[in-house]
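Q: Structure of the sequence below:
(chains A, B, C and D)
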2 protein chains.
Amino acid sequence: MSVLLKPLELPVNQDNILQSLVAENLVSDPESARGRLLREAARLFREKGYERTTVRDLAAAVGIQSGSLFHHFRTKEEILKAVMVETIRLNTALMQAAMSSANSNREKLRALVSAELESINGQTGEAMAVLVFEWRSLSEASRAEVLKLRDIYEALWLDVLTGLKEEGALVADPFIVRRMLTGALSWTVTWYRPDRGGLTQNGLTDQVVAMLGLS
Amino acid sequence: MSVLLKPLELPVNQDNILQSLVAENLVSDPESARGRLLREAARLFREKGYERTTVRDLAAAVGIQSGSLFHHFRTKEEILKAVMVETIRLNTALMQAAMSSANSNREKLRALVSAELESINGQTGEAMAVLVFEWRSLSEASRAEVLKLRDIYEALWLDVLTGLKEEGALVADPFIVRRMLTGALSWTVTWYRPDRGGLTQNGLTDQVVAMLGLS
DNA sequence: GTTTACAAACCAAGCGCTTGCTTGGTATGG
DNA sequence: CCATACCAAGCAAGCGCTTGGTTTGTAAAC
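A: As a prediction, this is how the structure comes out:
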């Protein structure tokens, strides 16, 4: 049967999702000038913070003059906003895909935890850290825009957690559990190192699920 | 019996602890010039971030000229460090006191969660938020100093969590649980508002303990 | 297949402003 | 009398961003 041919480790092709988002102009091609700048920006913003990163730093990271940046973005803040917006878009899509192959709410939750850990500690990790730690540097207008996108993302979580609550699998309040999970998972960015220390991302997911009594 | 006279809501007198730390010169008297500056600094650093807060902002907040700040602190960063160091010192002492009246490890954990929520969402909340979000603005030397103090604080948690694990009350790894709790509890600063919304700090503590299956 | 046209991408220079911090001097309280 | 706390003024450096002009890529026009 053809279903057996589906790769077990990676139920969805992340590259395909990225490519279709690029085609729809929702995220920048990572190999374009804009895409490379955003990746370097995410790296620098995470490393030094938005305010401590100068436009000269950003320009140097992609090998152009500082003034040339303003050809691509009108302001420095617009760069920060772009990093955040594109990251949410990508991860929302990845998360929907990760959930689509799960059948029960328990499986869905595991998929969500796993996907969020991947987004925080994988390729988009630097951008996710920026999203968590630099939102205060956004203007109010940009902030509203980002929050709107985040609401879509959060709805995915609440659906599953509410389902688990109704099944009786969850004791605490779904809203509060989600907020605790947001903090707990975001925080992994400050201590978890997938490359060293024996704990794999799957292992970490297990620990989270065990902590919630849902394993 | 005299133990019955002990107040139930507040097993330890927070003011007394503060006063003895002030006497030992470990934290500044909140009513001194230095203490007031640190409180205003914490407020501003949390509100706008360290980098976006200028020395002129800080000076204006306590009603002096910007240059006069440098009579009390040699650099702006020293102000940030002082906010962090004094906050950890105070909260470590408060936490030790909160635990002292608990008998079982379950009770101790509840005391720790409750105390940390209080430190994050109570009087020292602004300073705690600074501690979480602004550590990147510290020089490496200051960072090491702050981390040393934090280790003492963290040892309190690990003792209790390891005990619970040995009792079989905890399934997941103590180190990981602590790290998840750090993130989860810190994050409450971004959404929890004790004044509105019905959820008291005791109620929130209940939810956390329930989430861990320890209620 | 060369020329022309033109926009996008970039450079070199620097402007105007804000920043952390310094300096020299003046009150004030014990 | 002297240390502590402060002010008034401003410096040097670094900041985001602008400006005017040059290169580069591309594609139609001849």
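Q: near DNA strand D, which residues of chain A?
A: Residues of chain A lying close to DNA strand D (Cβ under 7 Å from any atom of the strand) are A:53, A:54, A:55, A:56, A:66, A:67, A:70, A:74, A:75, A:76, A:77. Where you see a C-beta, it was placed from the backbone N, CA and C, and this is true even at glycine.
Q: Report the separation between the first one and chain B.
A: Using Cβ to the nearest Cβ, to the nearest Å, residue A:53 is found at 10 Å from chain B.
Q: likewise residue A:21?
A: 28 Å.
Q: Tell me how many other residues crowd that residue.
A: 19 (other Cβ atoms under 10 Å in any protein chain shown).
Q: Counting by contacts, list what the longest helix anywhere in chain A packs against.
A: In terms of residue count, the longest helix belonging to chain A (DSSP state H) is helix A:140-167. Helix A:140-167 is packed against helix A:76-100, helix A:105-121, helix A:174-187, with contacts defined by 3 or more Cβ pairs under 8 Å, 6 or more residues apart in numbering or on different chains; DSSP states H and E.
Q: Let me know the average pLDDT across that helix.
A: In this model, helix A:140-167 carries a mean pLDDT of 95.
Q: Tell me what angle that helix forms with helix A:174-187.
A: Here the directions of helix A:140-167 and helix A:174-187 differ by 120 degrees (axes from the mean of the first three to the mean of the last three Cα atoms, to 10 degrees).
Q: Now do helix A:140-167: distance to the chain's middle.
A: How far helix A:140-167 lies from its chain's middle: 13 Å, per Cα atoms, centre = their mean, to the nearest Å.
Q: for stretch A:72-82, same thing?
A: Centre-to-centre, stretch A:72-82 and its host chain are 19 Å apart (Cα atoms, centre = their mean).
Q: which stretches of chain A have low pLDDT?
A: Residues of chain A meeting the criterion pLDDT under 70: A:1-12.
Q: Near DNA strand C, which residues of it are found?
A: Checking chain A against DNA strand C by Cβ under 7 Å from any atom of the strand, the hits are A:33, A:59, A:63, A:64, A:65, A:66, A:67, A:68, A:71, A:72.
Q: show me what contacts the residue nearest to residue A:14 when sequence neighbours are not counted?
A: Nearest non-adjacent residue to residue A:14, counting by Cβ to Cβ, 6 or more residues apart in numbering or on different chains: residue A:94, 6.3 Å away. Contacts for residue A:94 (Cβ atoms under 8 Å, 6 or more residues apart in numbering or on different chains) come out as A:12, A:14, A:17, A:115, A:118, A:119.
Q: for the fourth one, what are its contacts?
A: If I follow you right, that is residue A:115. A:91, A:94, A:95, A:98, A:99.
Q: Any chance of the backbone angles for whichever residue of chain A sits closest to DNA strand D?
A: Residue of chain A nearest DNA strand D, by Cβ to the nearest atom of the strand: residue A:67 (2.5 Å). Here is the backbone geometry of residue A:67 (degrees, to the nearest 10): phi -70, psi -30.
Q: so how far is residue A:80 from it?
A: Noted for residue A:67: a distance of 19 Å to residue A:80, by Cβ to Cβ, to the nearest Å.
Q: of those two, who's got more company?
A: Taking other Cβ under 10 Å, residue A:67 and residue A:80 do not tie; residue A:80 has more neighbours (26 against 10).
Q: these two touch, right, that one and residue A:50?
A: Yes. At 5.7 Å, residue A:80 counts as touching residue A:50 under the criterion of Cβ atoms under 8 Å.
Q: Now the common contact residues for these two.
A: A:130, A:134, A:137.
Q: what about the nearest residue to the second one once chain neighbours are set aside, helix or strand, and which?
A: The shortest distance from residue A:134 to any residue other than its chain neighbours is 4.7 Å, reached at residue A:50 (Cβ to Cβ, 6+ apart). Residue A:50 is located outside every helix and strand, with elements delineated by DSSP states H and E.
Q: tell me the contacts of residue A:50?
A: A:80, A:130, A:134, A:137.
Q: What is the neighbour count of the last one?
A: Close neighbours of residue A:137, defined as other Cβ under 10 Å, add up to 21.
Q: I'd say it and residue A:51 touch.
A: Yes. Here residue A:137 reaches residue A:51: they are 6.4 Å apart, a contact under Cβ under 8 Å.
Q: Now list whatever residues contact both of the two.
A: Common neighbours of residue A:137 and residue A:51 (Cβ under 8 Å, 6+ apart) are B:49, B:52.
Q: how far away is residue A:147 from residue A:81?
A: Distance, residue A:147 to residue A:81, by Cβ to Cβ: 12 Å.
Q: Apart from its chain neighbours, what residue comes closest to the one residue sitting closest to the centre of chain A?
A: When Cα atoms, centre = their mean is applied to chain A, the residue found nearest the centroid is residue A:119 (4.2 Å). Closest residue to residue A:119 apart from its sequence neighbours, by Cβ to Cβ, 6+ apart: residue A:91 at 4.5 Å.
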